[in-house]
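>>> Coordinates for the following, if possible.
(one chain, ligands or ions: 2)
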Amino acid sequence: MMRRKNDNKRYFTRMGTRKKVHAFVRVKPTDDFAHEMIKYGDDNKSIDIHIKKDLQKGVVNNKQTDWSFKLDGVLHNASQDLVYETVAKDVVAQALDGYNGTIMCYGQTGAGKTYTMTGTTENYKHRGILPRALQQGETNRIIASHTMNKNSSRSHCIFTIYVEAHSRTLSDEKYITSKINLVDLAGSERLKKSGSEGRVLKEATYINKSLSFLEQAIIALGDQKRDHIPFRQCKLTHALKDSLGGNCNMVLLTNIYGEASQLEETLSSLRFASRMKLVTTEPAINEKYDAERMVKNLEKELALLKQELAIHDSLANRTLVNYDPMDEIQIAEINSQVRRYLEGTLDEIDIINLRQIQEVFNQFRVVLSQQEQEVELTLRRKYTLIDKNDFAAISAVQKAGLMDVDGHLVGEPDGQGFGLGVTPFSAKPGKKAKSKKMFKEQLSTSARKEGASSPVGGKDLDFSTSKTQLTPSSKEGDVKDMLMRDRETSSIEPLPLDSPKEELRPPRPSTPPPKPVAFEDFKNERGSEINRIFKENKSILNERRKRASETTQRINAIKREMDVTKEALNFQKSLREKQGEYENKGLMIIDEEEFLLILKLKDLKKQYRTEYQDLRDLKAEIQYCQHLVDQCRHRLLMEFDIWYNESFFIPEDIQVSLKPGSSIRPGMVPISRIMSLGEDDQDKFSQLQQTELPEGPDSFSFYNAKVKTEQKHNYLKTMMGFQQAHRK
Ligand code: ADP
Ligand code: MG
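Ligands and ions are numbered 1, 2, ... in the order given. Just a heads-up that it's a prediction; the model follows:
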């Protein structure tokens with residue numbers, strides 16, 4: 001009747017379904033069983049307790065005389081064998097399938113907890129749950145002996161069996177790990193009976209307290225609404241943490257006496273048992289993967305698939321295709337195919353398999369990069385390539401006589417050297433010499449007039465203005481953006497071309513100065529404003545960079561301090577865990593040192609966030625400033641080129657013929673713009689073209705095209721920059 005083998009199957013359902021803690025009661029055999037007070041139900045799952053009126057006064061201090069306890073099974077006069085079958089067998093079997101299990105014996109001292117858990121060493125028949133569980137786990141290998149220390153009734157005793165189960169079929173890479181906790185708890189009796197004193201009393205109090213903590217933890221686990229489980233209240237619950245957890249099969253066996261004299265403790269034990277019975281858990285399997293087996297399985301699968309492929313190939317009448325990685329010879333063959341394909345001597349490259357297709361693409365890349373290198377090498381063999389912005393190098397080359405002032409390499413008629421290759425008009429005979437200063441004034445005049453009728457529309461960049469309005473950037477207000485300009489603010493009055501001042505200007509030098517020297521002049525004259533803004537932007541950029549680097553250093557320092565604080569905090573925590581922890585109504589009690597560390601860490605985190613935000617802002621600013629600096633540099637160089645041409649190469653009568661108000665800048669001579677000039681201008685310009693330009697029209701159109709492209713590019717870049725800045 002007690003054997004419930006079939007029923008047991010119901011207790012341990014599959015993963016994910018909740019089930020209750022199983023509560024059993026074992027009654028210690030006695031000749032003096034209190035038949036009148038303790039009665040078992042017919043189903044062997046309930047115990048009724050009845051106390052006679054006269055006894056009640058002394059025993060239990062309340063009016064109730066009858067109690068009924070519903071359990072999962074009552075074991076009366078049960079053999080160790082039957083107890084194991086009923087209580088432990090399925091828990092152990094499930095542990096072998098990956099579910100953690102916990103079996104606990106609870107009850108007053110002497111009621112039979114240790115007898116149930118470990119049994120007696122001398123009598124094999126009387127061995128307890130622990131040796132039987134080991135035996136079951138080792139699949140019938142008899143355990144010759146195991147130590148059974150007689151544990152004190154004042155302490156808890158936890159045996160843990162660690163299980164790692166691999167499948168018998170080697171191909172199965174899954175394996176499971178689990179553990180079984182067998183817990184022989186300390187006596188649950190109340191203190192007045194045990195007569196403890198002094199240190200023993202203190203110990204007993206603590207042990208009793210740990211039992212009530214255990215009860216709290218188990219109840220909290222059963223409550224699905226609770227997310228905090230007070231495991232850290234005492235060592236017992238802490239040690240059992242992952243075995244009491246919701247993913248565990250749990251059995252509570254309550255050992256009781258059958259004698260009338262122990263009824264009070266018996267009642268208290270039964271109350272505990274029925275409270276535990278209400279608790280639910282949710283067992284889950286602990287599954288892991290064996291990497292070595294997994295590799296072996298994949299290798300096997302790979303071999304199988306290769307065989308499969310070979311069969312497919314032979315069915316499809318394909319000659320034996322090799323699917324292994326390619327060797328050097330095969331790769332060289334593909335390389336040659338690709339070359340022949342590119343030359344046109346091979347019409348098609350046959351597709352064989354995926355690996356081969358990938359290699360074909362790879363070889364295309366190889367051939368392409370080889371050809372690029374070859375082209376560059378050929379160029380280098382034929383020409384000297386110099387960065388056109390590297391004035392020092394250019395000046396050195398000029399000095400050495402390898403290159404003329406226009407950037408044409410000596411002996412290179414097409415001027416493939418550096419620079420823009422403007423035809424040296426100044427070399428033409430019959431040109432009046434005019435000063436640079438004169439030019440400057442002329443230019444500002446024409447610029448002012450041009451404003452209203454810019455041929456490409458007001459949005460286009462204007463390269464002729466010498467006056468620049470400084471517009472604060474949307475960010476800080478101190479970054480100068482030279483591209484936002486207002487021609488209305490130009491304060492330079494138009495000067496007639498035949499102004500007497502003209503005569504005062506020094507004559508144009510017969511040999512133009514070297515570009516580096518001229519560049520210095522330019523920065524002091526027409527380029528002074530651009531140069532000033534350029535320098536200013538650069539210094540702002542540098543300042544921001546410095547700030548960003550400082551912020552980064554600060555962030556790193558904060559991070560280091562955070563790490564140190566975290567470490568200290570962890571140390572405090574581990575200390576607390578070692579010393580045993582206490583909680584009060586779910587509130588954890590920590591010492592002041594740890595509290596201060598927590599505060600410090602919190603503060604550091606706040607600082608970190610603030611600094612990090614600052615750094616992000618700074619980085620955005622740096623990007624913006626960098627953009628402006630690049631633009632300024634570009635403008636400076638471009639303006640210099642124009643100025644240089646105007647000052648030293650373009651015949652002055654051409655410049656004169658472009659009277660004030662014309663939209664043509666002599667330094668650029670933008671031929672395409674001629675279409676949008678006024679009729680008068682057009683006439684003059686076509687005249688000019690006929691008389692002057694045939695000598696070197698190529699360089700003009702090239703320069704013009706370049707300038708236009710750069711204008712467009714810069715404009716788009718700038719507008720995008722502004723749009724982004726406004727959006728912020
Ligand atoms: P506890 O561990 O609860 O303090 P023990 O297991 O040490 O109690 O039991 C006290 C004594 O009673 C031991 O000598 C033990 O052998 C005996 N005893 C307990 N339960 C039984 C039982 N079911 N059958 C036979 N002897 C028992
Ligand atoms: Mg004991």
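
>>> Can you give me the distance of the residue of the chain found nearest ligand 1 to residue 186?
Proximity of the chain to ligand 1 (C-beta to the nearest ligand atom) peaks at residue 112, 2.8 Å away. (Each C-beta comes from the backbone N, C-alpha and C, glycine too.) Distance, residue 112 to residue 186, by C-beta to C-beta, to the nearest Å: 14 Å.

>>> So which residues of the stretch 1-150 of the chain form helices?
5-11, 53-59, 80-83, 89-96, 113-117, 129-137 (DSSP state H, counting those that start in this stretch).

>>> Check residue 290 and give its pLDDT.
The model reports residue 290 with a pLDDT of 82.

>>> For it, give me its contacts.
By C-beta atoms under 8 Å, 6 or more residues apart in numbering, the contact set of residue 290 is 166, 173, 174, 175.

>>> Provide the secondary structure category for residue 218.
What DSSP: H, G, I helix; E, B strand; the rest coil gives for residue 218 is helix.

>>> Wait, it touches residue 244, no?
Yes. Between residue 218 and residue 244 a contact is recorded at 6.1 Å, counting by C-beta atoms under 8 Å.

>>> Neighbour count for those two, which is higher?
residue 244 (27 against 23; other C-beta atoms under 10 Å).

>>> how close does that one sit to residue 651?
Counting by C-beta to C-beta, the gap from residue 244 to residue 651 is 100 Å.

>>> where does this protein dip in pLDDT?
1-18, 53-63, 138-153, 170-171, 191-207, 245-246, 319-320, 397-507, 580-589, 652-728 (pLDDT under 70).

>>> List, one by one, the residues from it near ligand 1.
28, 29, 107, 109, 110, 111, 112, 113, 114, 115, 153, 255 (C-beta under 6 Å from any ligand atom).

>>> And those, which two are furthest apart?
Across those, the longest distance by C-beta to C-beta is 19.3 Å; it joins 29 and 153.

>>> Between those two, which is the more surrounded one?
residue 153 (20 against 11).

>>> For the longest helix out of those in the chain, name the packing helices and strands.
Determined from DSSP state H, the single longest helix within the chain is helix 592-648. Helix 592-648 is packed against helix 436-450, helix 515-524, helix 528-579, helix 697-727, with contacts defined by 3 or more C-beta pairs under 8 Å, 6 or more residues apart in numbering; DSSP states H and E.

>>> other SSEs contacting the shortest one?
When contacts are defined as 3+ C-beta pairs under 8 Å, 6+ apart, helix 515-524 packs onto helix 391-399, helix 592-648.

>>> Residue of the stretch 301-450 of the chain closest to ligand 2, please.
Across the stretch 301-450 of the chain, the shortest distance to ligand 2 (C-beta to the ion) belongs to residue 301, at 54.8 Å.

>>> count of neighbours near that residue?
Neighbours of residue 301 (other C-beta under 10 Å): 10.

>>> May I see the buried residues of the helix or strand in which it is found?
Assessed by DSSP states H and E, residue 301 sits inside helix 291-315. Of all the residues in helix 291-315, those buried under the rule 16 or more other C-beta atoms under 10 Å are residue 293.
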